[in-house]
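**Student:** Just need the structure, nothing else, for what follows:
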Amino acid sequence: MNQSGVIAAAKAEPRFSDIIYEKIVGMIADGRFPINERLPSEPNLAVMFGASRPVVREALERLRRDQLIVSRKGSGSYVRQRPDSSVLKQVPVGSLADVQRFFEFRAGLEAEAAELAARNWQAHDRIRILSALAALEHCLEMGELGAEEDQSLHDAIAAATGNQFHVTVRDWFRPHFSIGMSVTRSLSLKRTPLHVRHVQDEHQAIVEAILARRETAAHDAMKNHILNARARMFQGVGG
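**Tutor:** Numbering: from 1, shown residues only. Model (predicted):
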């Protein structure tokens, strides 16, 4: 499949279950389904959204995987956490489920890239990685978004693999990478300085492991960072 084919596949029309998933996320975010309250039953949700029960069940399963709801045996599904409503404003309509799927894809891809980078980086890669990390630190100190700087750090790690396919994949899916990073970093600006520092500490751990050529540690640090970023998408910003 060529580049245009890859991009077309990534832009496929959302499934009906993804649309329902996004609608329920929105209803949780705006308080119509409050935290700790039980969601309507599957049959009632099916009527509400004009969908079959299997489609509703698929949407609920993704909500469970994203830790927005929890099921209690014999009782139903309950709201576990309330995401910030701005999440839905920053992604194209119907694509929120795919944003989360892309984090899942990134977790494997970028963990392997970090491991390869730890094995293969050269002197010029070290300079580029440290420069990108310093730029992110500056954004943190200035209270700036830092999405482009975040992207640059991950780009530098991909380049340090010595494998051009890691660089190519990042170019092909640049808009997808950008959306996830912009959402998570904008949410970080609404949170406490301690939270933002914790995210930067994750970056620091990745870089330290790569530059120390600790391949397994670099792999694990990157995977942890991406999965944490995925979870942070739906964490509330209060407090």
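
**Student:** Let me know whether Pro43 touches Ser52 as I believe.
**Tutor:** No. Using C-beta atoms under 8 Å, Pro43 is not in contact with Ser52; the gap is 10.5 Å. Quick note: C-beta positions are derived from backbone N, CA and C, even for glycine.

**Student:** Distance from the top helix by length along the chain to the middle of the chain?
**Tutor:** Counting residues, the longest helix found in the chain (DSSP state H) is helix 96-120. Relative to the centre of its chain, helix 96-120 is centred 10 Å away, using C-alpha atoms, centre = their mean, to the nearest Å.

**Student:** buried ones in that helix?
**Tutor:** Buried residues in helix 96-120, counted by 16 or more other C-beta atoms under 10 Å: 96-100, 102-103, 106-107, 109-118.

**Student:** Do me a favour and average the pLDDT over the helix or strand that it is followed by.
**Tutor:** Counting by DSSP states H and E, the element after helix 96-120 in chain order, helix or strand, is helix 123-142. Mean per-residue pLDDT for helix 123-142: 96.

**Student:** elements contacting helix 123-142?
**Tutor:** helix 147-160, helix 193-211 (3 or more C-beta pairs under 8 Å, 6 or more residues apart in numbering; DSSP states H and E).

**Student:** closest to Ala134 out of the ones you listed?
**Tutor:** For Ala134, the closest of these is helix 147-160, at 9.2 Å, according to C-beta to C-beta.

**Student:** hmm, who's touching that closest one?
**Tutor:** Residues outside helix 147-160 that contact it (C-beta atoms under 8 Å, 6 or more residues apart in numbering) are 110, 113-114, 116-117, 120-122, 125, 128-129, 131-133, 135-136, 138-139, 166-167, 169-170, 177-178, 181-182, 185-186, 203, 206-207, 210, 222.
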